[in-house]
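Engineer: what's the 3D shape of this:
(one chain, ligands or ions: 1)
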Amino acid sequence: NILIEDARTGLSVEALKRAISNNLFYVQGKFPEIATRNDYYMAVSYAVRDRILKRWVASVKQYLDGKHRVVSYLSAEYLLGPHLANNLINLGIYKETGQAVKELGKELEWLIDKEIEPGLGNGGLGRLAACYMDSLATLEVPAIGYGIRYQFGIFEQDIRDGWQVEDTDNWLRRGNPWEIERRELNYEVKFGGHVQHYTDNNGKFCSNWIPDLVVKGVAYDTPILGYDVNTTNTLRLWKSEAPKSFDFQLFNAGGYNDAVRQKIVCENISKVLYPNDEQEEGKILRLQQQYFFVSCSLQDMLGIHLRQGDKIQDFYKKFVVQLNDTHPAIGVAELMRLLLDKYQLEWEEAWDITTKTFAYTNHTLLPEALEKWDLELFGRVLPRHLELIYEINRRFMDKVTVKFYGDHHKIASLSLIGEGPKKYIKMANLASLGSFAINGVAALHTELLKKTVLKDWYELSPEKFSNKTNGVTPRRWMVLSNPELTALISDKIGEGWIKNLDELRGLEKFAQDQDFQKAWMDVKHQQKVSLSKKILQRLRLRVDADSLFDVHVKRMHEYKRQVLNALHVITLYNRIKHNPDIDMVPRTVIFAGKAAPGYKMAKQIIKLITSIGEIVNNDPDVRDRLKVVFYPNYNVTNAQKIYPAADLSEQISTAGKEASGTGNMKLSLNGALTIGTLDGANVEIRECVGEENFFLFGLNADEVEEVRVNGYDPYSYYNDNPDLKLALDQINDGYFSHLNTDTFKTLVRSLMFDDQYLVLADYQSYIDAQDKVAETFRDKSKWAEMSILNVARMGKFSSDRSIKDYCDEIWKVKPVPVKLKN
Ligand code: 26M
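Structural biologist: Have a look, this model is predicted:
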């Protein structure tokens, strides 16, 4: 008895070893001589999962007693990254497991590298959801994350002939030991058809939605373990399937082909993640995905609530539902539908519950990125919801018309429905009206929201607005990805900082300590050597680990201005060509990031970077002073290797465009200094680390606005600046493209004639800041001091702090420590 218990839950090396061997033999039917690397990976993962399970079950039990308020996070994306190493860290058995695996004759790192990461997100928004799940569990807050179990996540990027090519991400091909399929937990979701209206025997108006498609959502649960606590929350992702009843009906009617087709239509809904990180023209399937997961999730929450014997009216007391951008905003109409049509509540009561349930986080200031759905298309997919949105809007417009009588512009702007050649539904308005709280993701972003895209909403309900500056989890982004730095820090100030990041402040007093500086820079050097090896393996390119590692990694976007960085690279190259003996600080400029497959300009920017790399990296004049790397397939796995090796963090978006950024935080926490504009969370990072430790450049958000109002004239910058002119002429004349002048035509034209992102306006200021970076880097002791101070002052940017703020100020939830029996 004791033995069995121990093999499932014991945390000692011995117990882990036995668990791994047992799994290999009894679950997989393998013995060491024939077990593959993946067999071992599975065995270790299952051994770890066993240890998680008792915490998971204890957490769920405790939450189900009905006394506790639960956070429900709705997100179309979760960019989790690999599970195994993270779970080992949060369970506190990394060392023991490493030893157990070693005694079985294998290397734990070798197995960890085998894991295919679940890439169920595009970028910042999806990764933020993953960090928030980690912090919720670590802070012992009852929470459940809801989303979609895409069969194919974000595409894999390959570079061929310098261009991005996409490959499907079949992340489930070797199985997924971290999820538990719960076939018994499933809900039906209707699509299309029409709505019948009738009066029942009691004279009550009723609606009956007759769909033309019914889909089944099946729950797949993944445990989210907190760090150094028992709390283990659930990430519940929905997979779409054909309901049994449906295909049988068709099958019996003789429609075998129809039945097969229906099955495919149903399974399609959770098939693939849309690889755009902003709204493109409305695709029916995308709307179906959003409604599918939101409907399953709300049915699930209502079921949990009612099973506890509580009144439906108290739903909002049990669950607070956070909308991660507008992707799940249809939930406002769906909860109304469920309360009205299924639970027969009156409109006022249903609306009161709904608006006490939802809170909305906005992640963008780009007006073109706000979600809109063509009204006609929307009505075809969700006819009942269209009626409800009309009714919500009618009642709202009545109030607004009284309040803002005569201000037609404002009234039109607040309407849930946009008019034009075609009518459309404004999801940000639905989310804003249906929520009791609205927040931006950095101080500047929230201020700009109130002044621009949500101005009228702010004037209408200022009490709804607040700022919640983003954060990142130090478990994954320091402890896991940078164990060497973690050990060095913990050696000086203990391990408390891992859960209370403000304790990093304790490093300040060592910033000038020569020995500590040396140890600090040694860790950095070691990380740069590791990354150099990866670069050599992957790209057959040799880079100098003593050079300044200048890192620009994020989605490819014009507003993020990878082109500005490219212009700096060309300028450095031209300085060398002009003076081959020039004494300059050697640099390795590292780019990485995916472009949305349909975003032509972003793809051209990748080609520009790889083309510059081809010329620079092969020019004998350059020698070891400059290298350009485009590291392919940027994802969580690769990010974890890149951040620790960075000296310089490029955060150079046009001011007023980047809502927050989170890569800026991860790089800074790994000791990189930032070169950046006053955009997003950069503003707050600079305030925290001190302006003397931040390389600021460029126009601020107000100045950007002013330049635009006065008419931006890129051509004058080109004409007046010989270095800039040379760089642009070279791109244009085919210097980097084998004299082919077509390759970068649209890019150059955009920069010179109608660039929304003011690249040329910030060029000289950027070059000056980069020169200052290089000068500072020459003084190794100074650089080390700045890097240490930088890390010491970054405590604010833990996602634990963000989540505490959400809990106290929006969700009104408290921690519930989970106790384990025996
Ligand atoms: C929308 C409609 C159809 C298909 C895809 C989308 C879509 C998907 C992802 C739109 C936006 C998406 O992500 C946007 C995003 O990642 N925003 C970033 O959010 C981060 C977390 O708050 C911020 O730090 C970044 O500044 C912000 O750009």
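Engineer: flag every residue of the stretch 251-400 of the chain that's near the ligand.
Structural biologist: Proximity of the stretch 251-400 of the chain to the ligand, by C-beta under 6 Å from any ligand atom, involves residues Tyr274, Asn276, Asp277, Glu278, Gln279, Arg286, His363, Thr364, Glu371. Where C-beta positions appear, they are placed from N, C-alpha and C, glycine not excepted.
Engineer: without its sequence neighbours, what residue ends up closest to the residue in the chain positioned nearest to the ligand?
Structural biologist: Residue of the chain nearest the ligand, by C-beta to the nearest ligand atom: Gly124 (2.9 Å). Counting by C-beta to C-beta, 6 or more residues apart in numbering, Gly124 lies nearest to Thr662, which is 5.5 Å off, once chain neighbours are set aside.
Engineer: test my guess that the one you found contacts Val472.
Structural biologist: Yes: between Thr662 and Val472 there is a contact at 5.4 Å, judged by C-beta atoms under 8 Å.
Engineer: between the two, point out the one with more neighbours.
Structural biologist: Neighbours per residue (other C-beta atoms under 10 Å) separate Thr662 from Val472, with Val472 holding more: 29 against 25.
Engineer: next one: phi and psi at Phe358?
Structural biologist: With angles defined as degrees, to the nearest 10, Phe358 sits at phi -90, psi 150.
Engineer: mind checking pLDDT for the closest residue to it other than its chain neighbours?
Structural biologist: Among residues not flanking Phe358 along the chain, Ser435 sits closest, at 4.3 Å (C-beta to C-beta, 6+ apart). On the pLDDT scale, Ser435 is placed at 98.
Engineer: equivalent analysis for Phe251, please.
Structural biologist: 57.
Engineer: before we move on, what about Asp247?
Structural biologist: At Asp247, pLDDT is 55.
Engineer: now swap in Lys239 and tell me
Structural biologist: pLDDT for Lys239: 98.
Engineer: burial measure for the residue of the chain closest to the ligand, as a count.
Structural biologist: 23.
Engineer: so the residue nearest to Phe358 touches Asn362, yeah?
Structural biologist: No: using C-beta under 8 Å, Ser435 makes no contact with Asn362, being 10.4 Å away.
Engineer: domain assignment for this protein?
Structural biologist: 66-82+117-469+807-811, 475-797 (automatic domain parsing).
Engineer: could you dump the ones you listed to TSV with distance to Leu104?
Structural biologist: Below are the domains of the chain laid out as TSV (distance: least, C-beta to C-beta, whole Å):
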stretch	distance to Leu104
domain 66-82+117-469+807-811	17
domain 475-797	22
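Engineer: got the contact list for the nearest residue to Ala443 once chain neighbours are set aside?
Structural biologist: With sequence-adjacent residues excluded and distances taken as C-beta to C-beta, 6+ apart, Ala443 is closest to Asn467, at 5.3 Å. When contacts are counted by C-beta atoms under 8 Å, 6 or more residues apart in numbering, Asn467 touches Asn439, Gly440, Val441, Ala442, Ala443, His445, Thr446, Glu447.
Engineer: pretty sure the fourth one sits against Gly680.
Structural biologist: Yes: counting by C-beta under 8 Å, Gly680 is a contact partner of Ala442 at 4.9 Å.
Engineer: which one of those two has more residues nearby?
Structural biologist: Using other C-beta under 10 Å as the criterion, Ala442 and Gly680 rank with Gly680 on top: 31 against 25.
Engineer: list phi and psi for that one.
Structural biologist: phi 50, psi -140.
Engineer: could you report the pLDDT at it?
Structural biologist: 98.
Engineer: please name the residues that touch it.
Structural biologist: Gly680 neighbours (C-beta under 8 Å, 6+ apart): Val441, Ala442, Leu444, His445, Gln651, Ser653, Glu658, Ala659, Ser660, Gly661, Asn664.
Engineer: before we move on, back to that, neighbour count: Ser435 and Asn362, which is higher?
Structural biologist: A direct count of neighbours by other C-beta under 10 Å for Ser435 and Asn362 places Ser435 higher, at 27 against 22.
Engineer: tell me the gap between stretch 264-277 and the middle of its chain.
Structural biologist: 18 Å (C-alpha atoms, centre = their mean, to the nearest Å).
Engineer: next, the buried residues of it.
Structural biologist: Residues of stretch 264-277 classed as buried: Val265, Cys266, Ile269, Ser270, Val272, Leu273, Tyr274, Pro275, Asn276, Asp277 (neighbour count, 16 or more other C-beta atoms under 10 Å).
Engineer: quick check: buried residues in the host helix or strand of Tyr291?
Structural biologist: Using DSSP states H and E, Tyr291 falls within helix 284-307. Buried residues in helix 284-307, counted by 16+ other C-beta under 10 Å: 286-302, 304-305.
Engineer: please apply the same query to stretch 733-745.
Structural biologist: Going by 16+ other C-beta under 10 Å, stretch 733-745 has these buried residues: Gly734, Tyr735, Phe736, Ser737, Thr743, Phe744.
Engineer: so what secondary structure elements neighbour the helix or strand containing Val616?
Structural biologist: According to DSSP H and E, Val616 maps onto helix 600-618. With contacts taken as 3 or more C-beta pairs under 8 Å, 6 or more residues apart in numbering; DSSP states H and E, helix 600-618 sits against strand 163-167, helix 562-578, strand 626-630, helix 745-753.
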